[in-house]
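Asker: next comes the sequence, and after it the predicted model I'd like to discuss.
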Number of protein chains: 2
Amino acid sequence: MTDHAINLRDKLARFTEHWSPRVIAEMNDYQFKLVKLQGEFVWHAHADTDEVFIVLEGALTLQFRDKAVPLAAGEMYVVPKGVEHRPVAGQECSVMLVEPRGVVNTGDAGGAYTAQNDVWV
Amino acid sequence: MTDHAINLRDKLARFTEHWSPRVIAEMNDYQFKLVKLQGEFVWHAHADTDEVFIVLEGALTLQFRDKAVPLAAGEMYVVPKGVEHRPVAGQECSVMLVEPRGVVNTGDAGGAYTAQNDVWV
C-alpha cells in the first residue's frame, strides 16, 4: 500500500519520450498511465475496452472516422470500445489514460508506435 | 457516443453540495465521479473494490487507521479494497473518484452521509 500521494507533475517530469505510456497506479485490474503526445498517432481501435483520455497539460485532438473532438487541459473523453481513433497533437500534450491492465497503445494496428506495455514510472 | 469533451471545471460548477458524488463519465463498468468535500467524512471501507481519488482543486487528507495521506491538487491515491478510510478537508476540496458502477460513497458504514448513487451531472 503506497504511503504517499502520487503527484502527476512529478511523474511527468520523469520521462520525455512521446507515445510511450507509463503506469503510475493500479485500481483493481485497471491502470492509470501517463503519456506525452506530439504529432500524429496511428489509427487504431481497442476491440475489448473503452479508453479514457484525461488531458493534464496542453491540448490534443481525438480524430474519429466521422468527427474530431478537441481536448484541452482539464478535459476528458471516453473512446468507446471498438471505435477507430487517432490522437493528434501539434504541440506536446500530457495525458492520463485509464484502461484495463494489458491494453496496448496501438490496439489492433500494431506498427512502429507500439510501446512496451506495463512500464511504470 | 458523446460528441464533446467533458470539461471538469464546467461540471464542477454545476453543483454545490458536499459529499454528494456526481457521475460525469463511464468506461466499461466503471464510473468517473466528481465530488466536493468539506469537513470530516465517516470511516468506511469498500469490501469489493479499490477506489481512486484524484484531487482537482484544494486539498484533503485521507485518514487511515494507521496513517494519514495528504493530497493536494494534481495528486492521486488508490485506496485498496477493504481498507478503512476517511477523507477530511478543512477547506472545500474537489475530487474526481474512479470506481466501479454501483459503489456507494459510505461503503459498509451507511448513515447520514450516504448519497444517492448514480446521479449524473
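Answerer: Ah, there it is. Numbers count the residues shown, from 1 in each chain, chains lettered A, B, ... in the order given.
Asker: where does A:His4 land on pLDDT?
Answerer: On pLDDT, A:His4 comes in at 89.
Asker: for chain A, what spans make up the helices?
Answerer: A:8-12 (DSSP state H).
Asker: contacting residues for the most centrally placed residue in it?
Answerer: Chain A has A:Leu97 as the residue nearest its centroid, 4.0 Å off, counting by C-alpha atoms, centre = their mean. Shown in contact with A:Leu97 (C-beta atoms under 8 Å, 6 or more residues apart in numbering or on different chains): A:21, A:31-35, A:51-54. For the C-beta atoms, the positions are set from N, CA and C on the backbone; glycine is no exception.
Asker: can you check A:Arg86 too?
Answerer: A:40-44, A:62-63.
Asker: poorly predicted segments of chain A, please.
Answerer: A:1-2 (pLDDT under 70).
Asker: and it, which residues reach chain B?
Answerer: Residues of chain A found near chain B (C-beta under 8 Å from any C-beta of the partner chain) are A:1-9, A:24-28, A:30, A:32, A:49-52, A:67, A:69-72, A:74-78, A:80-81, A:83, A:98-100.
Asker: give me that answer again for 6 Å
Answerer: A:1, A:5-9, A:25, A:27-28, A:49-50, A:52, A:71, A:74-78, A:80 (C-beta under 6 Å from any C-beta of the partner chain).
Asker: closest to B:Glu17 among the contacts of A:Arg86?
Answerer: Distances from B:Glu17 to the contacts of A:Arg86, taken as C-beta to C-beta, are shortest for A:Leu62 (31.6 Å).
Asker: let me know the angle separating the lengthiest strand in chain A from strand B:85-100.
Answerer: When chain A is parsed with DSSP state E, its longest strand is strand A:85-100. Angle, strand A:85-100 to strand B:85-100, by axes from the mean of the first three to the mean of the last three C-alpha atoms, to 10 degrees: 130 degrees.
Asker: extract the CA atoms of strand A:85-100 and return them as PDB.
Answerer: Below are the C-alpha coordinates for strand A:85-100, written out as PDB (Å, rounded to 0.1, in the frame of the first residue of the first chain):
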ATOM      1  CA  HIS A  85      -9.400   6.800 -33.300                       C
ATOM      2  CA  ARG A  86      -6.200   8.700 -33.700                       C
ATOM      3  CA  PRO A  87      -4.800  11.300 -31.200                       C
ATOM      4  CA  VAL A  88      -3.100  14.200 -32.900                       C
ATOM      5  CA  ALA A  89      -1.200  17.000 -31.000                       C
ATOM      6  CA  GLY A  90       0.500  19.900 -32.700                       C
ATOM      7  CA  GLN A  91       2.400  20.800 -29.500                       C
ATOM      8  CA  GLU A  92       3.500  18.400 -26.800                       C
ATOM      9  CA  CYS A  93       0.500  17.300 -24.700                       C
ATOM     10  CA  SER A  94       0.400  15.300 -21.500                       C
ATOM     11  CA  VAL A  95      -2.400  12.900 -20.900                       C
ATOM     12  CA  MET A  96      -3.600  10.400 -18.300                       C
ATOM     13  CA  LEU A  97      -5.000   7.200 -19.800                       C
ATOM     14  CA  VAL A  98      -7.300   4.900 -17.800                       C
ATOM     15  CA  GLU A  99      -7.900   1.400 -19.200                       C
ATOM     16  CA  PRO A 100      -7.600  -2.200 -18.200                       C
END
